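Trainee: When you get a sec, could you give me coordinates for this:
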Amino acid sequence: MPREAGKWLEDILVEGSDALEFLEGKSLENYVADKGLRAMVERKLFVVGEAVTQLRNQFPEVAKDLPDTREIVGFRNLLAHGYFALDHRRVFDIAVSSLPVLLGKVRVMLEAHP
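Mentor: All right, here's what the predicted structure looks like:
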């Protein structure tokens, strides 16, 4: 049975919020130096990207309201397939700068798609 749009939105919110929680109080230097932290954040961002991918594929009318879906899906693909090309500074920047914007939008969207 296919999932509802709200379930994909919840995945984005929960996994993205976890990534931000892991990074709370951490600097870029802390992030780069801690491979466990990097692995946790990368995994959470991967799941966010996968949820966005599925939302785009199954519910394009809902996904159109998310910001930067093409970039999010592309970043998910980089996390999945291009590990050795991964720039830890870019991952950190995306998590602390772009992720809060995405999560804010998702919170609003969940009101319409519980």
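
Trainee: What separates the first and last residues of stretch 93-104, distance-wise?
Mentor: End-to-end distance for stretch 93-104, by C-alpha to C-alpha, to the nearest Å: 17 Å.

Trainee: so for that stretch, what's the average pLDDT?
Mentor: Summarised as a single mean, pLDDT over stretch 93-104 is 96.

Trainee: Point to the residue nearest the middle of this structure.
Mentor: The chain has Val48 as the residue nearest its centroid, 3.4 Å off, counting by C-alpha atoms, centre = their mean.

Trainee: For it, what are phi and psi?
Mentor: phi -60, psi -50 (degrees, to the nearest 10).

Trainee: ok, it - contacts?
Mentor: Neighbouring residues of Val48 by C-beta atoms under 8 Å, 6 or more residues apart in numbering: Asp11, Ile12, Glu15, Gly16, Ala19, Ile72, Arg76, Leu99, Leu102. For the C-beta atoms, the positions are set from N, CA and C on the backbone; glycine is no exception.

Trainee: mind redoing it with 6 Å?
Mentor: Shown in contact with Val48 (C-beta atoms under 6 Å, 6 or more residues apart in numbering): Ile12, Glu15, Gly16.

Trainee: Which ones among these map onto helices?
Mentor: Ile12, Glu15, Gly16 (DSSP state H).

Trainee: quick one: the second one and Lys44, what's the gap?
Mentor: Spelled out, that is Glu15. Distance, Glu15 to Lys44, using C-beta to C-beta, to the nearest Å: 5 Å.

Trainee: With Ala112 instead?
Mentor: Counting by C-beta to C-beta, the gap from Ala112 to Lys44 is 24 Å.

Trainee: out of the two, which sits in the more crowded spot?
Mentor: Lys44 (22 against 11; other C-beta atoms under 10 Å).

Trainee: Give me the secondary structure label for that one.
Mentor: At Lys44 the chain is in helix, as set by DSSP: H, G, I helix; E, B strand; the rest coil.

Trainee: My guess is it contacts Leu13. True?
Mentor: No - if you go by C-beta atoms under 6 Å, Lys44 and Leu13 don't touch, sitting 11.4 Å apart.

Trainee: show me the contacts for Leu79.
Mentor: Counting by C-beta under 6 Å, 6+ apart, Leu79 has contacts Glu42, Phe46.
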